[in-house]
Structure formats: structure tokens, C-alpha cells
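>>> Quick check, what structure comes out for this input:
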Amino acid sequence: MADQHVLRGLAVGRRRQFDRRGEVEKKLREYFAIGVAAVLIVDPDKRTVSVYTSAAEFRELTVDDMLTVPEALRGFSTPIADLMDQ
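Residues are numbered from 1 along each chain as shown. Coordinates of the predicted model:
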């Protein structure tokens, strides 16, 4: 994943088209091992955001959804479409 950022229990990364599944899974395990509460992986090609709450549990949001991350950012919400238009 390129452009990785970790902030107070939240990690955000952008999926690149050549990322390997095993590499992404390894990075997820590393983040959760250090205590991150949630990981967001933005996929600009698919126009989705995957919200991981563990290395194995996630929900995939599309441009029709609202991004909320109560595990790490209580009260925060924003339309996925707004993120993709940036």
C-alpha cells in the first residue's frame, strides 16, 4: 500500500494496482499488532474504501455510502463520494 498514515488508532492507506494480497494482509496484521483500532484502505480504481476492524473483518463502502469509523473517530462521517472526488 502506498501513502500509509497512522494517527491515534487509525491507519489509512491507498491500494495500488500492483499490491499483492499477501503484502496487504501482512501490513494489516502489523497495524493491529501495534494497537490500531481501524484501518482504511482506499481503492481509487474501484472507488471503494475498505474499513478493517481486524485483520480478517472488514466492510467495503462504495461511493453511495457514508464513511464512519466509530472504532477510531467517534462522531466523524463523510460521504465516500467526496473522498473520491479529491
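>>> Quick one: list the elements packing against the helix ranked longest in the chain.
Secondary structure assigned by DSSP state H gives helix 21-33 as the longest helix of the chain. Counting contacts by 3 or more CB pairs under 8 Å, 6 or more residues apart in numbering; DSSP states H and E, helix 21-33 packs against strand 38-43. Using the backbone N, CA and C atoms, a C-beta is placed for each residue, glycine as well.
>>> helices or strands next to the strand it packs on in the packing?
Applying 3+ CB pairs under 8 Å, 6+ apart, one finds that strand 38-43 contacts strand 10-14, helix 21-33, strand 48-52, strand 66-69.
>>> Kindly recompute the last result at 6 Å.
strand 10-14, strand 48-52 (3 or more CB pairs under 6 Å, 6 or more residues apart in numbering; DSSP states H and E).
>>> Can I get these in a markdown table including distance to V39, mean neighbour count and mean pLDDT?
Output for the helices and strands packed on strand 38-43, formatted as a markdown table (distance: least, CB to CB, whole Å; neighbours: other CB atoms under 10 Å; pLDDT from 0 to 100):
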| stretch | distance to V39 | mean neighbour count | mean pLDDT |
| --- | --- | --- | --- |
| strand 10-14 | 5 | 19 | 86 |
| strand 48-52 | 4 | 20 | 95 |
